[in-house]
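A.B. asks: coords please:
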Amino acid sequence: MFDLPSLLNKIPDEYKPLAALGIGSLMLVALALFHGAGLHLIFILQKRRERRLRMGRPRVFAGVILFGRSVFLMLALHIVEILLWATALTHAGFIKHAYDAIYFCANAYTTLGMGSLDVGDQWRNISPIIGISGLFTFAWTTSALVDVVSSNGRLIEQLEDEREREMHMRFAMRKGVWEVVQGERAAAQTERERARARAQMSGASFFERLKIWNEERKDEKELRRAGRAEIVELRRKEREDEEKLGAEETPPDPKGKGQQ
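C.D. replies: Predicted coordinates:
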């Protein structure tokens, strides 16, 4: 089995500082590539979710959660990179215990210092390389975070505008329902008054009045049925309008310029 600590110990002491720089440089480049791929994946997830939020109903809280998720993923990316450094130092035999290696790498990566641990005089050049990798990745993350904050701010602003439009739609729908109910009640009251007037003016018998009342009840049922159908249609239209909020519309080609 390949024994990395034994192989590194065979390096002459005067060349071990250069070997530490070489190992650290390879790790730095690998982590920079890893960090770039991780940020790219976070951006893809952010944009995909933003696109879904813009296409549907306005969910402002979901936009806030999306921003928190992106920040958490960036933090997790740095933690993974610290763990990768710690794994490399442990497998190279520079630090014996994994928890000590994590503590050492976390201090060096965040440029706080090495604490009470050390990797030895010959290999100590690796600690500033870890610090440089932290500076690179933190600066990269800061730049990416500015883009995420800007994009999320635009998303929240759009969702707030759509939320306001949604509230106006619902208010208009409730107003329309109330007008339908009021119209239905007024029509029913008018029909009852007409039925009473007909019964009184004609001097109708009991059975004739009963027939008039039955016709009156039928007319009221028809009015209620029509009113309910109108209310259902109002609510259906309001839901369709809400679903269309944020939908991307392709602007028409002016004067037919896109056609050859």
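
A.B. asks: contacts, neighbours, all on C-alpha from now
C.D. replies: Fine.

A.B. asks: I'd guessed residue 16 sits against residue 125; true?
C.D. replies: No - the pair residue 16 / residue 125 is not scored as a contact, 9.2 Å apart, by Cα atoms under 8 Å.

A.B. asks: what about the residue nearest to residue 62 when sequence neighbours are not counted, distance to residue 124?
C.D. replies: In space, and not counting its chain neighbours, residue 62 is closest to residue 53: 7.9 Å by Cα to Cα, 6 or more residues apart in numbering. Per Cα to Cα, to the nearest Å, residue 53 is found 50 Å from residue 124.

A.B. asks: which of those two has more neighbours?
C.D. replies: residue 53 (22 against 16; other Cα atoms under 10 Å).

A.B. asks: May I ask which helix or strand encompasses that one?
C.D. replies: helix 16-55 (DSSP states H and E).

A.B. asks: What residues of that helix count as buried?
C.D. replies: Neighbour counts over helix 16-55 (16 or more other Cα atoms under 10 Å) mark 16-17, 19-21, 23-25, 27-28, 31-32, 34-35, 38-39, 42-43, 46, 50, 53-54 as buried.

A.B. asks: Can you name every helix or strand that the longest helix along the chain contacts?
C.D. replies: The residue-count maximum for a helix in the chain (DSSP state H) belongs to helix 126-202. Helix 126-202 is packed against helix 16-55, helix 60-91, helix 98-109, helix 206-243, with contacts defined by 3 or more Cα pairs under 8 Å, 6 or more residues apart in numbering; DSSP states H and E.

A.B. asks: Of all these, which one comes closest to residue 160?
C.D. replies: helix 60-91 (6.7 Å; Cα to Cα).

A.B. asks: Who are the packing partners of the helix holding residue 53?
C.D. replies: Against helix 16-55 (3+ Cα pairs under 8 Å, 6+ apart) you get helix 60-91, helix 126-202.

A.B. asks: Compute the inter-axis angle for it and helix 126-202.
C.D. replies: 10 degrees (axes from the mean of the first three to the mean of the last three Cα atoms, to 10 degrees).

A.B. asks: what mean pLDDT would you report for helix 16-55?
C.D. replies: Helix 16-55 carries an average pLDDT of 90.

A.B. asks: Over to stretch 113-121?
C.D. replies: Mean predicted lDDT for stretch 113-121 stands at 71.

A.B. asks: C-alpha coordinates for it, PDB please?
C.D. replies: Only the C-alpha atoms of stretch 113-121 are listed here, as PDB (Å, rounded to 0.1, in the frame of the first residue of the first chain):
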ATOM      1  CA  GLY A 113      -3.200  32.000  13.200                       C
ATOM      2  CA  MET A 114      -2.100  28.400  13.900                       C
ATOM      3  CA  GLY A 115      -3.100  28.400  17.600                       C
ATOM      4  CA  SER A 116      -1.200  26.000  19.700                       C
ATOM      5  CA  LEU A 117      -0.600  23.400  17.000                       C
ATOM      6  CA  ASP A 118       2.300  23.200  14.500                       C
ATOM      7  CA  VAL A 119       3.200  20.900  11.600                       C
ATOM      8  CA  GLY A 120       6.900  21.000  12.300                       C
ATOM      9  CA  ASP A 121       9.700  23.300  11.300                       C
END
